[in-house]
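J.: Structural data only, the sequence is not supplied:
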(Lines give C-alpha, C1' and ligand atoms only; values in the text may rest on other atoms or scores of the structure.)
Protein backbone atom coordinates (compact mmCIF):
# COMPACT_ATOMS: atom_id res chain seq x y z
CA UNK A 1 0.00 0.00 0.00
CA UNK A 2 2.95 2.33 0.38
CA UNK A 3 3.37 2.56 -3.38
CA UNK A 4 -0.29 3.40 -3.87
CA UNK A 5 -0.21 5.98 -1.09
CA UNK A 6 2.94 7.54 -2.57
CA UNK A 7 1.20 7.70 -5.94
CA UNK A 8 -1.78 9.58 -4.50
CA UNK A 9 0.46 11.93 -2.49
CA UNK A 10 2.34 12.85 -5.70
CA UNK A 11 5.59 13.64 -3.94
CA UNK A 12 4.05 16.37 -1.79
CA UNK A 13 2.27 18.08 -4.67
CA UNK A 14 -1.00 16.17 -4.31
CA UNK A 15 -3.15 19.26 -3.71
CA UNK A 16 -1.84 20.96 -6.85
CA UNK A 17 -1.93 17.85 -9.05
CA UNK A 18 -5.36 16.56 -7.98
CA UNK A 19 -6.73 20.09 -7.96
CA UNK A 20 -5.58 20.55 -11.54
CA UNK A 21 -7.23 17.28 -12.52
CA UNK A 22 -10.43 18.35 -10.76
CA UNK A 23 -10.56 21.76 -12.43
CA UNK A 24 -9.85 20.23 -15.83
CA UNK A 25 -12.57 17.63 -15.36
CA UNK A 26 -15.06 20.30 -14.24
CA UNK A 27 -14.27 22.50 -17.25
CA UNK A 28 -14.68 19.61 -19.67
CA UNK A 29 -18.04 18.68 -18.11
CA UNK A 30 -19.19 22.32 -18.24
CA UNK A 31 -18.18 22.64 -21.91
CA UNK A 32 -19.98 19.41 -22.78
CA UNK A 33 -23.13 20.60 -20.98
CA UNK A 34 -23.02 24.00 -22.69
CA UNK A 35 -22.55 22.35 -26.08
CA UNK A 36 -25.46 20.00 -25.42
CA UNK A 37 -27.74 22.88 -24.39
CA UNK A 38 -26.68 24.90 -27.43
CA UNK A 39 -27.41 21.98 -29.72
CA UNK A 40 -30.87 21.48 -28.24
CA UNK A 41 -31.75 25.18 -28.47
CA UNK A 42 -30.57 25.39 -32.08
CA UNK A 43 -32.54 22.27 -32.98
CA UNK A 44 -35.65 23.82 -31.43
CA UNK A 45 -35.07 27.08 -33.31
CA UNK A 46 -34.61 25.19 -36.58
CA UNK A 47 -37.80 23.20 -35.97
CA UNK A 48 -39.71 26.43 -35.26
CA UNK A 49 -38.40 28.01 -38.47
CA UNK A 50 -39.27 24.92 -40.46
CA UNK A 51 -42.80 24.93 -39.05
CA UNK A 52 -43.27 28.64 -39.74
CA UNK A 53 -42.01 28.42 -43.31
CA UNK A 54 -43.02 25.15 -44.95
CA UNK A 55 -41.01 24.16 -48.02
CA UNK A 56 -42.31 25.43 -51.34
CA UNK A 57 -43.66 23.04 -53.91
CA UNK A 58 -42.02 22.89 -57.27
CA UNK A 59 -44.07 23.72 -60.33
CA UNK A 60 -43.93 20.91 -62.91
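T.: That came through, no problem. Since the model is a prediction, treat every value here as computed from it, not as a measurement.
J.: now for the biggest helix by length in the chain, which elements pack on it?
T.: When the chain is parsed with DSSP state H, its longest helix is helix 14-52. Of the remaining helices and strands, none touches helix 14-52 by 3 or more C-beta pairs under 8 Å, 6 or more residues apart in numbering; DSSP states H and E. All C-beta atoms are positioned from the backbone trio N, CA, C, and that covers glycine.
J.: average pLDDT for it?
T.: Averaged over helix 14-52, pLDDT sits at 96.
J.: show me the contacts for the residue nearest the centre of the chain.
T.: By C-alpha atoms, centre = their mean, the chain has its centre lying nearest to residue 32, at 0.7 Å. By C-beta atoms under 8 Å, 6 or more residues apart in numbering, the contact set of residue 32 is empty.
J.: Quick check: the gap between it and residue 9.
T.: 30 Å (C-beta to C-beta, to the nearest Å).
J.: now swap in residue 34 and tell me
T.: Using C-beta to C-beta, we find residue 34 at a distance of 34 Å from residue 9.
J.: Between the two, which is the more surrounded one?
T.: residue 9 (13 against 10; other C-beta atoms under 10 Å).
J.: Which helix or strand contains the more buried one?
T.: Using DSSP states H and E, residue 9 maps to helix 2-9.
J.: ok, and what's touching that helix?
T.: Applying C-beta under 8 Å, 6+ apart, the contact partners of helix 2-9 are residue 14.
J.: can you give me how far it is from the chain middle?
T.: Helix 2-9 sits 31 Å away from the centroid of its parent chain (C-alpha atoms, centre = their mean, to the nearest Å).
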